[in-house]
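K.L.:
Just need the structure, nothing else, for what follows:
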Amino acid sequence: MVNRNETKIALVSGANTGVGFQIAKALTENAYIVYLGSRDVKKGEVAAAELGEKAKAIQLDITDTESIRRAVETIENEYNYLTLLVNNAGISHVGKEGRTMEEVLGSQRASIASISELKSVWETNVFGTLALTQAFLPLLHKARGARIVTVSSALGSLGINANPENPYRENFDAVYGASKTALNGIFLSLAIDLEKTNIKVHLVSPGFTATALNNFQGTDSVEEGSKEPIRVALAEDLPNGSFTGPADFSGKDHVLPW
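P.N.:
Alright, predicted model coming up:
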């Protein structure tokens, strides 16, 4: 078993591609051993091979209790603690593939949103993310100083979307956008719950990044959009309960309004 004082262990969900992969890459370059969570373990193995010996593929579907249990058991058996959990896995819809971002958002307006789709998206983005986090809390408590970094979105900010001057407020939908609002609320609650422990909780928005979530229509490359999540994942001195985003739109000190 590895000495926890010498080795930092991280798990990144949804890490075989996109922002998750970039976060995992940065962590391996900064002395972490990183488990790359992927629903399709073969895709995870390809990604891990690209990152080198500090990367380990692990099968992980955050909506599957048994998959989460096996992931916890694997890391517990190999290291018996976890330094950093990065909650990156998420989905934007469960409808027909290949639709434009505008088509998806248009179908997710609160007046017409499919309740079935809303439940499915929230099952991953909200309930699955919390289930994964709860399952790993015992291993996080065993680390010298642990952190939970959850990739959210400025689209979930009530403060931003309540402002009539926000040109993007019409994109605040009931399915994906509001799932991030719920995620923010739950993880702020978790930050308060854990504030007297060894675990700090952070939420971070990558900005409008071109990924599969928006049919690759984002304005920022995945490398650009990964900068803030990477900054937060590597930082060990941020205040518990922070919610930050890229400095270009979030203002002073990257801080986003809830």
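
K.L.:
Sticking with residue 35, tell me its helix or strand.
P.N.:
Using DSSP states H and E, residue 35 sits within strand 32-38.

K.L.:
That strand - which strands sit beside it in the sheet, and in what orientation?
P.N.:
strand 8-12 (parallel), strand 55-59 (parallel) (DSSP bridges).

K.L.:
quick one: the helices in this structure?
P.N.:
18-28, 41-51, 65-78, 101-107, 115-122, 129-141, 158-161, 176-193, 222-225, 227-234, 247-250 (DSSP state H).

K.L.:
any idea of the angle the third one forms with strand 32-38?
P.N.:
Between the axes of helix 65-78 and strand 32-38, defined by axes from the mean of the first three to the mean of the last three CA atoms, to 10 degrees, the angle is 160 degrees.

K.L.:
Could I get the CA-only coordinates of helix 65-78 as PDB?
P.N.:
Extracted as PDB, the C-alpha positions of helix 65-78 are listed here (Å, rounded to 0.1, in the frame of the first residue of the first chain):
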ATOM      1  CA  THR A  65     -24.800   1.500  -8.100                       C
ATOM      2  CA  GLU A  66     -22.900  -1.800  -8.700                       C
ATOM      3  CA  SER A  67     -20.500   0.000 -11.000                       C
ATOM      4  CA  ILE A  68     -19.800   2.700  -8.400                       C
ATOM      5  CA  ARG A  69     -19.400   0.000  -5.700                       C
ATOM      6  CA  ARG A  70     -16.800  -1.900  -7.800                       C
ATOM      7  CA  ALA A  71     -14.900   1.400  -8.500                       C
ATOM      8  CA  VAL A  72     -14.700   2.100  -4.700                       C
ATOM      9  CA  GLU A  73     -13.600  -1.400  -4.000                       C
ATOM     10  CA  THR A  74     -10.800  -1.200  -6.600                       C
ATOM     11  CA  ILE A  75      -9.400   2.000  -5.300                       C
ATOM     12  CA  GLU A  76      -9.800   0.900  -1.700                       C
ATOM     13  CA  ASN A  77      -7.900  -2.300  -2.400                       C
ATOM     14  CA  GLU A  78      -5.100  -0.600  -4.300                       C
END
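
K.L.:
for that helix, what is the average pLDDT?
P.N.:
Regarding helix 65-78, the rounded mean pLDDT is 98.

K.L.:
Now it: buried residues?
P.N.:
Across helix 65-78, burial judged by 16 or more other CB atoms under 10 Å covers 67-68, 71-72, 74-75. All C-beta spots, glycine's among them, are computed from the backbone N, C-alpha and C.

K.L.:
now swap in stretch 232-247 and tell me
P.N.:
In stretch 232-247, counting by 16+ other CB under 10 Å, buried: 232-233, 238, 240-246.

K.L.:
in those, which two residues are the furthest apart from each other?
P.N.:
With CB to CB as the measure, no two of the buried residues of stretch 232-247 lie farther apart than 240 and 246, at 21.2 Å.

K.L.:
hang on, the earlier thing: which one, of the helices of the chain, ends up nearest to residue 152?
P.N.:
Smallest distance to residue 152 across the helices of the chain (CB to CB): 5.1 Å, for helix 176-193.

K.L.:
what about the closest one, distance to the chain center?
P.N.:
Centroid displacement of helix 176-193 relative to its chain, using CA atoms, centre = their mean, to the nearest Å, is 12 Å.

K.L.:
Quick one: list the elements packing against it.
P.N.:
Contact here means 3 or more CB pairs under 8 Å, 6 or more residues apart in numbering; DSSP states H and E; on that basis helix 176-193 packs against helix 115-122, helix 129-141, strand 146-151, strand 199-204.

K.L.:
Contacts for it next, please.
P.N.:
Identification of contacts with helix 176-193 by CB atoms under 8 Å, 6 or more residues apart in numbering yields 92-93, 104-105, 108, 121-122, 125-126, 129-130, 133, 148, 150, 152-153, 155-158, 161, 171-172, 200-201, 203, 213, 240-241, 243, 258.
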